[in-house]
Structures are given as C-alpha cells and as structure tokens.
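Asks: The following block contains a protein sequence and its predicted model.
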Amino acid sequence: MKIEEMRPLSVEELTKRVNDAHQELFNLRFRLSTRQLVNHRELPRVKKEIARLNTIIREKQINP
C-alpha cells in the first residue's frame, strides 16, 4: 500500500493495519525459521510498511 493511500485513513484504521502487519511479520519470521519462506524480501517490505503506518499515525497525533 502506498503512502498516498494511507494518509486519508483514520487513526483507528491505521492502528488496525499496524496490528495486522505485525501479525504478518510474525508469520513470516516463523516461516523463515522453518525454511518455508520462499521470498525473503517480504520481511523488509512488511517492516517498511509498519514504519510508514507508524509515521502517519504520529503525524496525525501531532497535527489533528
């Protein structure tokens, strides 16, 4: 999801997406440890998505 698509979302929706992304990251790490993960580039992609979501949440908290 691009940052332009994230900005119009509410803080509650963004928080829900952060929680979903954390769950996805957990599952990816589990699959990596059991050697079932095919595409290793998924881990950094999810981490960056979490960082983007947290940045937008913080921006909305500072400038309501």
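Replies: All right, it came through fine.

Asks: Without its sequence neighbours, what residue ends up closest to the residue positioned nearest the centre of the chain?
Replies: For the chain, the residue nearest the mean C-alpha position is residue 50 (2.9 Å; C-alpha atoms, centre = their mean). Excluding its sequence neighbours, the residue lying closest to residue 50 (C-beta to C-beta, 6 or more residues apart in numbering) is residue 21, at 4.8 Å. (C-beta placed from N, C-alpha, C; glycine too.)

Asks: which residues touch the one you found?
Replies: 46, 49, 50, 53 (C-beta atoms under 8 Å, 6 or more residues apart in numbering).

Asks: What pLDDT does the model give the residue nearest to the centre of the chain?
Replies: Reading off the confidence values, residue 50 has pLDDT 97.

Asks: quick one, what contacts it?
Replies: 18, 21, 22, 25.

Asks: Residue 56 too?
Replies: The contact partners of residue 56, by C-beta under 8 Å, 6+ apart, come to 3, 6, 7, 9, 14.

Asks: picking that back up, how far does the helix or strand the residue nearest to the centre of the chain falls within sit from the chain's center?
Replies: Using DSSP states H and E, residue 50 sits in helix 42-62. In terms of C-alpha atoms, centre = their mean, to the nearest Å, the centre of helix 42-62 is found 6 Å from the chain centre.

Asks: can you give me the angle the longest helix along the chain makes with helix 42-62?
Replies: Looking across the chain with DSSP state H, the single longest helix is helix 11-33. The directions of helix 11-33 and helix 42-62 differ by 160 degrees, with axes from the mean of the first three to the mean of the last three C-alpha atoms, to 10 degrees as the criterion.

Asks: Out of the contacts of residue 56, which sit inside helices?
Replies: Among those, the residues falling in helices (DSSP H) are 3, 6, 14.

Asks: Considering those, which possesses the most neighbours?
Replies: Sorting those by how many neighbours each has (other C-beta atoms under 10 Å) puts residue 14 first, at 19 neighbours.

Asks: Let me know whether that one touches residue 53 as I believe.
Replies: Yes - counting by C-beta atoms under 8 Å, residue 14 does reach residue 53; the two are 5.4 Å apart.

Asks: Many thanks, have a good one.
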